[in-house]
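A.B. asks: Quick one, what's the 3D model for this:
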Amino acid sequence: MNDKIFNNYFILPADKMDEFKATAAKLGCTTDDLLELQLDRAQKDPDFMARAIQKTEEMTRREETTDLWPNDLNECIVVAAIIGKLLEQGAEELVVELEGEEMDLLERVCRQLGISYDELMEQSIDYWLQGRSDEDDGSDWWKE
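C.D. replies: Predicted coordinates for the structure are as follows:
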């Protein structure tokens, strides 16, 4: 089964991600298919989409969001996709605003690691989600 989610910034809490993968397997589809199914539902069901947008707005206003995720997996999937799109847009805006030394540093890190900017952003988000900053000051995460 293909578990590649087409939204590069798709983020769910670990327990919801496990449920997401298990549900896709149970339905005999890929996670991409299940995500697409829920996004289609959101487009067709204005109430469902309104709840997802409202939950997303609540979550983006708070630093700690663990307890804010919807109980319903289908809503979680759509909220995660919306948040993912916001992260993607924010990352693109950040790169557009970089100049001089900042842009040079970003390009050097990507070149040194042999990864694209998108992959660097994904790794940065993963690192942040792991909460590894408690172990060190986080300044050398990209060298790992």
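A.B. asks: show me where pLDDT drops low in this structure?
C.D. replies: The chain contains residues with pLDDT under 70 at 1-9, 63-66, 126-144.
A.B. asks: Break it down into its domains, please.
C.D. replies: Split into domains by automatic domain parsing, the chain comes to 1-91, 98-133.
A.B. asks: Looking at those, which one is packed in the most?
C.D. replies: For the domains of the chain, average neighbour numbers computed from mean count of other CB atoms under 10 Å are highest in domain 1-91, which has a mean of 15. Placement of C-beta: from N, CA and C, glycine included.
A.B. asks: How far does that one sit from its chain's centre?
C.D. replies: Distance, stretch centre to chain centre, for domain 1-91: 9 Å (CA atoms, centre = their mean, to the nearest Å).
A.B. asks: who are the neighbours in contact with V79?
C.D. replies: When contacts are counted by CB atoms under 8 Å, 6 or more residues apart in numbering, V79 touches A52, K55, T56, M59, W69, P70.
A.B. asks: element containing M121, please.
C.D. replies: In this structure, M121 is located in helix 117-130 according to DSSP states H and E.
A.B. asks: oh sorry, the question was meant for A22
C.D. replies: In this assignment (DSSP H and E), A22 forms part of helix 14-27.
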